[in-house]
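Participant: sequence and predicted structure below; questions after.
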Amino acid sequence: MDADNLDISLLEEIEAHAISSAREAGQILLEHFSQPLEVQFKDKKRTDPVTTADRRSEEFLKSTIREKFPQHGILGEEGGALHKSDSPFVWVIDPLDGTSNFMNGLPLFAVSIGVLWKWQPVVGSIYVPVSHRGTAGVYHACQGKGSHLDGEKITVTRKPSGRPLSGNPSQFRSRFRLSRQSQREPHEARNLGSIALELTLAACGVFQYALFGSPKVWDVAAGVLLVKEAGGLAFTRRPKVRNWLPLERFQSEQSNSKETLENLRSWSSPVIVGAPEITRKVVQDIRSPHAPLSWLTALQQHQSQKDGK
C-alpha cells in the first residue's frame, strides 16, 4: 500500500500525539461524567444529542492538533470542526462516541482519533474509561507497527472463554440477514452504544466480529486500523452494491483524485471487522433482507428465459 512508504518516524510522532490527545480529552470527559450537563440536539427529532462535554473535548482536540501539526487537515463530528488543508494528512476526530451512554451515567463511551493519509488510515487512538483489562486506557495503532493498549500488544486471536460474542447493530434484522448456517453459529450479539468502543473490543478479540450498519467516518477511522493492525480484517459495501470489499480507504461513492473533506464528511457505509476466519464467513453469508433468495432468483431467471423464447 502507498502508506508503507511513509516516514515511520513521522508516523510515530503522529501516533504519540494522538495517544496523549485522546487521553487528555478523555480526562475532560471524566470531569463532566455523572454531572449535570447542558444538552442540545442536532436534529429536529431530538435523537442526536450533543453536550458541553462533547464541545469541550472537541475544542481541545482541534487546538492541540493545530498547534502540533498546523499543516494537517481536521474533520470532526460536531459542527464547525472542518479545517481544510492541502496536506495529505487528515485528523478525523470523534470527541465523544457514545453520548447517550455518557449522558445517562453508563461508562461505555470513547474518544476516537484517526489519522488518514490520502484517505487511508495510518494512525489511530481510542480512549476508553473501561478497557478489556477493566481499567481506563488508550488503544492505539500505527501503520505496520501493530495494535496496543497503553503499549501492551493486542491481537484479534484471543480465544473466547465461553460462548463467543459479536457486535451487531440494534437495527440488524431490518438491515441484514444471514444464511441459516451462520444463524446457527453460537455467537451472542451485543450492542454497546459506542462504535469506537466496540471496535476496540474486536481488535483485542473480545468480539469475534463486529458489524455496523451506517457508521460515519469519525466513528470508524481509528478503530478500523486498530483491528487490521491487530491481525484482523475490515470490509465495507458501497450503496447498491452487493459484494463486500476490503476497506482500505475512506472515499466517497464517486471517488476520484479531487476528494475533499466535504466528501469525507458524507462518507457512510456498512462495515464489518473482526478475526479473519469468522469475518470472511460473515461477509460471504450476509445479505440484505430484501435480497431475493437464491432459489427465487434462479426461478425468475428461468422464467425470463422461457418468456424470451
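Facilitator: That came through fine.
Participant: assign the closest residue to residue 64 other than its chain neighbours to helix, strand or coil.
Facilitator: Spatially, and ignoring its direct neighbours in sequence, residue 64 is nearest to residue 21 (5.2 Å; CB to CB, 6 or more residues apart in numbering). (Each C-beta comes from the backbone N, C-alpha and C, glycine too.) Look at residue 21: counting by DSSP: H, G, I helix; E, B strand; the rest coil, its state is helix.
Participant: so for the one helix or strand residue 64 maps to, mean pLDDT?
Facilitator: In this assignment (DSSP states H and E), residue 64 forms part of helix 52-68. Confidence for helix 52-68, expressed as mean pLDDT, is 92.
Participant: what sits against the residue nearest to the spatial centre of the chain?
Facilitator: Central residue check for the chain by CA atoms, centre = their mean: the C-alpha nearest the mean position is that of residue 220, 1.7 Å away. Shown in contact with residue 220 (CB atoms under 8 Å, 6 or more residues apart in numbering): 114, 195, 196, 199, 212, 271.
Participant: change it to 10 Å
Facilitator: 92, 94, 97, 112, 114, 121, 124, 195-196, 198-199, 210, 212, 226-227, 234, 236, 247, 250, 267-269, 271, 273 (CB atoms under 10 Å, 6 or more residues apart in numbering).
Participant: and for residue 93?
Facilitator: 18, 21-22, 25, 57-58, 61-62, 65, 74-78, 81, 111-115, 218, 221-222.
Participant: that older thread, pLDDT at the residue nearest to the centre of the chain, what is it?
Facilitator: 97.
Participant: SS state for it?
Facilitator: helix.
Participant: any idea what residue 216 is bridged to?
Facilitator: Taking DSSP bridges as the rule, residue 216 bridges to residue 268.
Participant: domains for the chain, by residue range?
Facilitator: 2-153, 165-295 (automatic domain parsing).
Participant: so can I have TSV of the ones you listed showing distance to residue 159?
Facilitator: Below are these laid out as TSV (distance: least, CB to CB, whole Å):
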stretch	distance to residue 159
domain 2-153	14
domain 165-295	8
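Participant: weakest of those domains by average pLDDT?
Facilitator: Mean pLDDT is lowest for domain 165-295 among the domains of the chain, at a mean of 81.
Participant: so how far is it from its chain's centroid?
Facilitator: Here the centre of domain 165-295 is set off from its chain's centre by 9 Å, with CA atoms, centre = their mean, to the nearest Å.
Participant: begin at 476 from now on, thanks
Facilitator: Got it, first residue is 476 now, which makes that one domain 640-770.
Participant: measure the residue nearest to the centre of the chain to residue 719 for me?
Facilitator: Per CB to CB, to the nearest Å, residue 695 is found 15 Å from residue 719.
Participant: likewise for residue 672?
Facilitator: To residue 719, residue 672 is 23 Å away according to CB to CB.
Participant: more neighbours, the two?
Facilitator: In terms of neighbours (other CB atoms under 10 Å), residue 672 is the more surrounded of residue 672 and residue 719; the figures are 24 against 20.
Participant: make sure residue 503 is actually in contact with residue 539.
Facilitator: No: taking contacts as CB atoms under 10 Å, residue 503 lies outside contact range of residue 539: 11.3 Å.
Participant: between the two, who's got more neighbours?
Facilitator: It is residue 503, of residue 503 and residue 539, that has more neighbours when counted by other CB under 10 Å, with 20 against 15.
Participant: so that one, which of the three states?
Facilitator: Applying three-state DSSP: residue 503 is helix.
Participant: quick one: contacts for it?
Facilitator: 528, 529, 531, 532, 533, 534, 535, 536, 570, 571, 586.
Participant: so which strand or helix has the nearest residue to the fifth one once chain neighbours are set aside?
Facilitator: Spatial nearest neighbour of residue 533, excluding adjacent residues (CB to CB, 6+ apart): residue 570 at 3.8 Å. When elements are assigned from DSSP H and E, residue 570 belongs to strand 564-572.
Participant: on that earlier part again, output the contacting helices and strands for the helix holding residue 539.
Facilitator: Counting contacts by 3 or more CB pairs under 10 Å, 6 or more residues apart in numbering; DSSP states H and E, helix 527-543 is packed against helix 483-507, strand 514-516, strand 548-551, strand 557-558, strand 564-572, helix 574-578, strand 585-592.
Participant: in a markdown table: these, plus distance to residue 757.
Facilitator: Below are these laid out as a markdown table (distance: least, CB to CB, whole Å):
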| stretch | distance to residue 757 |
| --- | --- |
| helix 483-507 | 29 |
| strand 514-516 | 34 |
| strand 548-551 | 29 |
| strand 557-558 | 34 |
| strand 564-572 | 23 |
| helix 574-578 | 26 |
| strand 585-592 | 23 |
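Participant: great, nothing more from me.
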